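Asker: What follows is a predicted protein model with its sequence.
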Amino acid sequence: MSDGIGTDSMTTHWDHHDVDRRDLLKIAGVGAAALGAASLAGAPAFAQSQDDWDKVFPRSGKVDHWKVSFRNRYGITLAGDLYLPKDRGGRRLPALVVGGPFGAVKEQSSGLYAQTMAERGFVTVAFDGSYTGESGGEPRNLASPDINTEDFMAAVDFIGLRPEVDQERIGLIGICGWGGLALNAVAVDKRVKAVVASTMYDMTRLMSKGYNDSVTLAQRTKTLEQLSRQRWADAEKGMQAYGPPYNVLTGNEAQFLVDYHDYYMTPRGYHKRAVNSGNSWTQTTPLSFMNMPILTYIKEISPRPILFIHGEKAHSLYFAQTAYANAAEPKELMIIPGANHTDLYDKVDVIPFDKLQSFFEQHLT
């Protein structure tokens with residue numbers, strides 16, 4: 001089977017440690033034709049109540065929920081879910097922006113994190129990145145380290161202007177591949193006072209070097225040659241090429257791929273708009289990720305604190321360990337005993353929400 005980025009001949013790029021390039025990009029979330037929604041219209045910031053509940057997690061009676069939209073600096077309209085504590089009164093509250101995982105939508109993990117933290121006293125927004133979910137942008141199901149970093153900052157623009165929010169008390173939560181993007185955003189956006197990276201990936205490291213940095217220069221060069229030529233094929237047809245459906249198991253996959261399938265392709269976490277729920281990214285999505293290390297300036301987050309949360313048994317733990325080692329103080333790495341990568345997507349008895357609450361209460365003062 002071909003992978004979600006190129007032809008069958010390209011799988012040799014990632015053949016190492018029993019993980020081929022197809023599997024690499026599947027677990028990275030770089031995954032049939034897109035199911036994208038049309039671009040949202042309207043003013044830069046818009047909110048409406050919603051009676052229908054389209055999330056994969058139960059609705060809380062402790063929060064108010066609004067569908068919102070706002071534009072990023074590139075003019076793309078982003079769709080979000082705003083959560084507010086019902087008992088907020090007239091106070092200005094601390095706020096959290098939540099994004100991820102990579103290839104997911106706001107109706108999945110980020111929405112669960114956002115709703116739960118709203119129950120604990122924060123105004124929160126979970127959003128779909130540009131070109132995905134209900135957010136705008138064409139072609140559909142495209143990712144960019146630059147534009148997705150901007151998406152985080154645009155969400156800070158939006159939430160900081162809410163009348164319920166104290167704009168000097170804003171934090172970020174990035175999940176999976178959006179954990180690295182959150183760190184990249186906070187390094188440059190000094191409005192953010194604290195950041196959490198949960199079960200994080202560094203997507204630029206993954207796409208440029210493969211799992212455990214196993215890709216050779218020759219393999220990288222071959223893939224870039226083929227992706228570059230795919231641009232001609234796309235330009236000739238006047239449309240982007242997509243790969244096969246993602247997280248569809250064919251047998252003998254590594255356990256972490258089974259874990260992804262168990263979340264994205266079962267009632268536990270399936271959502272029709274999610275790239276990872278049987279859809280795919282454009283084939284050339286990796287190009288900009290392969291040439292842009294997003295954590296170059298991680299030290300410049302200091303003196304603002306970083307909390308890394310990761311599962312002890314997660315295949316991705318090394319991403320957090322490296323980022324933690326490279327970050328400046330104050331920083332903390334919290335390892336959850338026995339947890340794998342996707343346990344931190346939705347298992348409320350595993351995700352350390354008490355720790356998240358105390359971390360932000362301490363640092364959003």
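Answerer: Right, received. Where do you want to start?

Asker: List the contacts of Phe308.
Answerer: With contact set as C-beta atoms under 8 Å, 6 or more residues apart in numbering, Phe308 has these partners: Val196, Ala197, Met200, Ala320, Ala323, Tyr324, Lys331, Glu332, Leu333, Met334. Any C-beta I mention is one placed from the backbone N, CA and C, and that applies to glycine too.

Asker: Could you say which helix or strand holds it?
Answerer: Secondary-structure assignment from DSSP states H and E places Phe308 in strand 306-311.

Asker: what about the helix or strand just after that strand, average pLDDT?
Answerer: Counting by DSSP H and E, the next helix or strand C-terminal to strand 306-311 is helix 317-326. Helix 317-326 carries an average pLDDT of 98.

Asker: which secondary structure elements does helix 317-326 contact?
Answerer: Packed against helix 317-326 by the contact rule (3 or more C-beta pairs under 8 Å, 6 or more residues apart in numbering; DSSP states H and E) you find helix 177-188, helix 203-209, strand 306-311, strand 331-336.

Asker: switch to 7 Å and redo it
Answerer: In terms of contacts (3 or more C-beta pairs under 7 Å, 6 or more residues apart in numbering; DSSP states H and E), helix 317-326 is packed against strand 306-311, strand 331-336.

Asker: And the helices in the stretch 201-350 of the chain, which stretches?
Answerer: In the stretch 201-350 of the chain, the segments counted as helices under DSSP state H, counting those that start in this stretch are 203-209, 217-237, 255-264, 286-289, 317-326, 343-346.

Asker: want to try JSON lines for those, with mean neighbour count and distance to His363 as columns?
Answerer: Rendered in JSON lines, the data for those read as follows (neighbours: other C-beta atoms under 10 Å; distance: least, C-beta to C-beta, whole Å):
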{"stretch": "helix 203-209", "mean neighbour count": "23", "distance to His363": "26"}
{"stretch": "helix 217-237", "mean neighbour count": "14", "distance to His363": "39"}
{"stretch": "helix 255-264", "mean neighbour count": "20", "distance to His363": "30"}
{"stretch": "helix 286-289", "mean neighbour count": "21", "distance to His363": "30"}
{"stretch": "helix 317-326", "mean neighbour count": "18", "distance to His363": "17"}
{"stretch": "helix 343-346", "mean neighbour count": "22", "distance to His363": "20"}
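
Asker: Rebuild these as CSV, extending it with distance to Arg140.
Answerer: Output for the helices of the stretch 201-350 of the chain, formatted as CSV (distance: least, C-beta to C-beta, whole Å):
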stretch, distance to Arg140
helix 203-209, 19
helix 217-237, 14
helix 255-264, 17
helix 286-289, 17
helix 317-326, 27
helix 343-346, 23
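
Asker: what pairs with the strand holding Phe308, and is each one parallel or antiparallel?
Answerer: Sheet pairing for strand 306-311, assigned by DSSP bridges, gives strand 194-198 (parallel), strand 331-336 (parallel).

Asker: For these, give me a markdown table that also has mean neighbour count and distance to Gly238.
Answerer: Conversion of the strands paired with strand 306-311 to a markdown table gives the following (neighbours: other C-beta under 10 Å; distance: least, C-beta to C-beta, whole Å):
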| stretch | mean neighbour count | distance to Gly238 |
| --- | --- | --- |
| strand 194-198 | 28 | 39 |
| strand 331-336 | 17 | 47 |
